[in-house]
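Novice: Here is a sequence with its predicted model. Questions after.
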Amino acid sequence: MTATLFSFSPPAHKSQKPSFIAQPHNRQKRKPAAFSLLTSLMISSPLYKTPRPLAFSACPIDHGFDPRPLLHLLATTSLSSRPKTDPKPPPPPIPFLRRRPLQSVAREVSADLSSPPPITSKIKAVPSRDPIDLWHRYVEWLYQHKELGLYLDVSRIGFSDEFLQQMEPRMQRAFEAMRELEKGAIANPDEGRMVGHYWLRNPKMAPNAFLMQQIEKTLDSICAFADKIISGEIRPPSSPAGRFTQILSVGIGGSALGPQFVAEALAPDNPPLKIRFIDNTDPAGIDHQIAQLGSELASTLVIVISKSGGTPETRNGLLEVQKAFREARLDFSKQGVAITQEGSLLDNTARIEGWVARFPMFDWVGGRTSEMSAVGLLPAALQGIDIREMLAGAALMDEANRTPVVKNNAAALLAMCWYWATDGVGAKDMVVLPYKDSLLLFSRYLQQLVMESLGKEFDLDGNRVNQGITVYGNKGSTDQHAYIQQLREGVLNFFATFIEVLRDRPPGHDWELEPGVTCGDYLFGMLQGTRSALYANGRESITVTIQEVTPRSVGAVIALYERAVGIYASLVNINAYHQPGVEAGKKAAGEVLALQKRVLAVLNAARALIVSMAHGMMHTGDRCHCPEEIEMIYKIIAHMAANDRAVIAEGHCGSPRSIKVFLGECNVDDLY
Ligand SMILES: O=P(O)(O)OC[C@H]1O[C@](O)(CO)[C@@H](O)[C@@H]1O
């Protein structure tokens, strides 16, 4: 006798998200507060086309320098740690990367973009290891943007002339796709959206006057608001400090990673407002952030960031923070700011509750490319970071990367190198190694930008391609003591990207910790040494060099990688601007929580529940329930028991053949 008590009804649409509207704290009545559905999303994507003139500002470098006397000098100069004569013969040249023939995504694509450049073993021939040859390759391929002080060195990626020739038509198609995108084409066809993050730093590029004004107006209002907060013109109602001193940013994914990266990279040591982040639904993590604020909660500006306005983790963070405000007898609405799409549930909540301010997220800016929108700019401005400089850096980089000459286009060079290194199918991982502590979060930021953009099951023609490039990294030289051992000698499943910062310290602060050598020289030496050591063992690398970590250079680097991702997506014929895969996990999480409520209802009604793994069922008295969910029911009970919300009276979680469960102290009626 088996009877299924529960039926499951998954959300009707993938975009459904829980409501941001907090429910009244009523412990008597059932309130279906937790997962009411997001019903309103703004999707309006008119297609406008206004061509704009292109301009280039990348400068060619001087190729005339003859390195031989210098190399001779270096070779004959003894370094303290180097023996004057090397008794061992030089090691035989190490064969460079043995490659599979290229397996392009395009092999399955019949459309125009589909013809992959067939990369033969000849094209993948072993590049020279002769230092003079390498120097010439370095000089030949070194990209420099003079005004930005940004260099890109791709000489340690082994692409050949033949590869370049074969890629050229594909590169030109990618440039054309980028031109169309910037003119306002529906570059995100699945969602019917324009892709306009490039307009944020050059509003004149926006496809119509309305969008241009929207961007400019928003930027002006961000600057004005930040000034008022910093000056104390807008102040918290009950703080002894008399002004806001802290920011608590609540958001996740693209609504957190950019602001986190920029705060770490650019916030001054004593910013006008310090920033903290809640970027998860981990209760302990949230408690920690709130505890760290302590009495400064009264002078904390809470910025809730969510494009959709319905992401569960962000909603939970908001509800937890609002509870902390209630407990501290503070009025949240006087300290809350929302950054979201107009008309979203978050927007409506903020409007109805009369929060301090609301800033728009535009339909045509994706979360992972939103750093130059209010998402990134407002928190940055509040920390005293020069956001107009950040935008200027990004605009300069964009402008330079509109050239259709691959060699003069840093974004194209990156995309082309990724294609070479990964065979155009993600065959290798991208290890990102910034040698600068303040750039620590760059790899995490890039992880989302690259992996959420490029990790796609289907190409634009509907072919299954399972594309992507795995990104990970932390910082140098720290990582040299963690995983460089494997990178140098272990499985060859990666290519490296070094991020080099030439300026070690502000002028006038440096000192020599041993004759002729500063602390920063060591960092420099570690980077250069690792680059050489990896290359000597057949490991390819790219090096991005900036003069200093400034708002301008950070803006430029973000723009560089945003466009490299866009170009690469075109090269492999995928939509870089949607994220259909993320929905599956969100939907499944919703189903787990729905099942938990049903388990609670059964427990509540029956007062006891027997879960029998042996028989694959949970039963109460003579009734059996959802046998197909037995494993998840067991996990729900184990989680509830660990949190004192259920009591396991008989049996044991470690051996869950048969356990008898009672409700814990809480009453289901009080919760739902
Ligand atoms: O800004 P939202 O809508 O809260 O979304 C947060 C993140 O969730 C995702 O939609 C999926 O992880 C990201 O693309 C996005 O950056």
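Specialist: Now that the structure is in, tell me what you want to look at. Numbering: from 1, shown residues only.

Novice: and the residue nearest the centre of the chain, how far is that from residue 319?
Specialist: Centroid-nearest residue in the chain, with CA atoms, centre = their mean: residue 448, separated by 3.0 Å. Look at residue 448 and residue 319: by CB to CB, to the nearest Å, they are 24 Å apart. In short, each C-beta sits where N, CA and C put it, glycine included.

Novice: what do you get for residue 629?
Specialist: Residue 629 is 27 Å from residue 319, where distance means CB to CB.

Novice: Mind checking which of the two has more residues around it?
Specialist: The neighbour comparison of residue 629 against residue 319 (other CB atoms under 10 Å) goes to residue 629, with 22 against 18.

Novice: quick one on the thing from earlier: tell me which element the residue nearest to the centre of the chain falls in.
Specialist: According to DSSP states H and E, residue 448 maps onto helix 442-454.

Novice: my guess is residue 641 meets residue 652, correct?
Specialist: No. Taking contacts as CB atoms under 8 Å, residue 641 lies outside contact range of residue 652: 10.5 Å.

Novice: Indicate the residue of the stretch 401-550 of the chain located nearest to the ligand.
Specialist: Using CB to the nearest ligand atom, residue 452 is the residue of the stretch 401-550 of the chain that sits closest to the ligand, at 5.7 Å.

Novice: Now for that residue, how many residues are close by?
Specialist: Using other CB under 10 Å, residue 452 is surrounded by 22 other residues.

Novice: for it, what are its contacts?
Specialist: 253-254, 368, 579, 582 (CB atoms under 8 Å, 6 or more residues apart in numbering).

Novice: Recalculate using a threshold of 6 Å.
Specialist: Residue 452 makes contact with 368, 579, according to CB atoms under 6 Å, 6 or more residues apart in numbering.

Novice: Check whether residue 280 sits in a helix, strand or coil.
Specialist: Here residue 280 is coil, with the state taken from DSSP: H, G, I helix; E, B strand; the rest coil.

Novice: Residue 358 now?
Specialist: Per three-state DSSP, residue 358 ends up strand.

Novice: Residue 658 too?
Specialist: Counting by three-state DSSP, the backbone at residue 658 sits in strand.

Novice: I figured it hits residue 649, correct?
Specialist: No. Between residue 658 and residue 649 there is no contact under CB atoms under 6 Å: 11.6 Å.

Novice: And this structure, split by domain according to the record?
Specialist: With domains defined by automatic domain parsing, the chain comprises 46-92+582-671, 107-183+386-505+513-574, 203-382.

Novice: can you list those in a markdown table and add mean pLDDT?
Specialist: Shown next, in a markdown table, are those (pLDDT from 0 to 100):
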| stretch | mean pLDDT |
| --- | --- |
| domain 46-92+582-671 | 62 |
| domain 107-183+386-505+513-574 | 93 |
| domain 203-382 | 98 |
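
Novice: For residue 196, which of those domains is the nearest?
Specialist: Of all these, the one in closest proximity to residue 196, counting by CB to CB, is domain 203-382 (3.9 Å).

Novice: Grab the nearest non-local neighbour of the one residue in the stretch 351-500 of the chain that gets nearest to the ligand.
Specialist: Taking CB to the nearest ligand atom as the measure, the stretch 351-500 of the chain has residue 367 as its residue closest to the ligand, at 2.5 Å. Spatially, and ignoring its direct neighbours in sequence, residue 367 is nearest to residue 254 (2.6 Å; CB to CB, 6 or more residues apart in numbering).

Novice: so what's that neighbour up against?
Specialist: Counting by CB under 6 Å, 6+ apart, residue 254 touches 367-368, 370.

Novice: got it, and residue 568?
Specialist: Contacts of residue 568 by CB under 6 Å, 6+ apart are 415, 418.

Novice: Would you state the strands of the stretch 151-300 of the chain in chain order?
Specialist: For the stretch 151-300 of the chain, the strands defined by DSSP state E, counting those that start in this stretch occupy 246-250, 274-278, 300-306.

Novice: Tell me which helix or strand residue 397 sits in.
Specialist: With DSSP H and E as criterion, residue 397 is part of helix 387-400.

Novice: which residues touch the following helix or strand past that helix?
Specialist: As assigned by DSSP H and E, the chain's next helix or strand after helix 387-400 is helix 410-422. If you take CB under 6 Å, 6+ apart as the criterion, helix 410-422 is touched by 143, 152, 154, 157, 159, 401, 406, 428, 469, 495, 540, 542, 560, 563-564, 567-568, 571.

Novice: can we see that at 8 Å?
Specialist: In contact with helix 410-422 (CB under 8 Å, 6+ apart) are residues 58, 141, 143, 145, 150, 152, 154, 157-159, 163-164, 167, 171, 174-175, 397, 400-401, 406-407, 428, 430, 469, 495, 540, 542, 560-561, 563-568, 571-572.

Novice: Using CSV, write down the CA coordinates of that helix.
Specialist: Coordinates of each C-alpha in helix 410-422 appear next as CSV, following Å, rounded to 0.1, in the frame of the first residue of the first chain:
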residue,chain,number,x,y,z
ALA,A,410,44.7,44.1,-27.3
ALA,A,411,41.3,42.5,-26.8
ALA,A,412,41.6,40.7,-30.1
LEU,A,413,45.1,39.5,-29.3
LEU,A,414,43.8,38.1,-26.0
ALA,A,415,40.9,36.4,-27.7
MET,A,416,43.1,35.0,-30.4
CYS,A,417,45.6,33.7,-27.8
TRP,A,418,42.8,32.1,-25.9
TYR,A,419,41.7,30.4,-29.1
TRP,A,420,45.2,29.1,-29.8
ALA,A,421,45.9,28.0,-26.3
THR,A,422,42.6,26.2,-25.8
